[in-house]
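>>> Prediction below, plus the sequence it came from.
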Amino acid sequence: MHLASSGRVVIQLTKVVSEGQILCDEKSTKVAKVMELIGPVAKPYASATPLTNSIKKYTGKKVFALDIAPAKKQKYRRKRK
């Protein structure tokens, strides 16, 4: 895990993850949310938004993807009568 100058975190992947997936540490603390996948197909990278203020203590450590993707909010519109 590497902290970019833009404030995002860049992570080298070993397994396939999807956009919007949550990454956590070995204690199941939510660390980042994957925003986009970048780089070559053989060795992809993920650009993620940090979910914690103390992201610097996680740089250089392994993170794991949660199996369950977060539920997406449904947008409700009120019907006119």
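Arrived safely, thanks for sending.
>>> Any idea how many residues pack against the nearest residue to P44 once chain neighbours are set aside?
Take P44 and drop its neighbours on the chain: the residue closest to it by CB to CB, 6 or more residues apart in numbering is L13, 4.9 Å away. Placement of C-beta: from N, CA and C, glycine included. Residue neighbour count, defined by other CB atoms under 10 Å, stands at 15 for L13.
>>> How about the one 3 residues further on?
Summarising burial for V16: neighbours were counted as other CB under 10 Å, giving 9.
>>> and the closest residue to it other than its chain neighbours, what does it touch?
Spatial nearest neighbour of V16, excluding adjacent residues (CB to CB, 6+ apart): P44 at 8.0 Å. Counting by CB atoms under 8 Å, 6 or more residues apart in numbering, P44 touches 12-13, 16, 37-38.
>>> 10 Å instead, please
By CB atoms under 10 Å, 6 or more residues apart in numbering, the contact set of P44 is 11-17, 37-38.
>>> Restrict these to the buried ones and give me that as a PyMOL selection.
In PyMOL syntax, the buried subset of the contacts of P44 is picked out as below (16 or more other CB atoms under 10 Å):
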select buried, resi 11+17
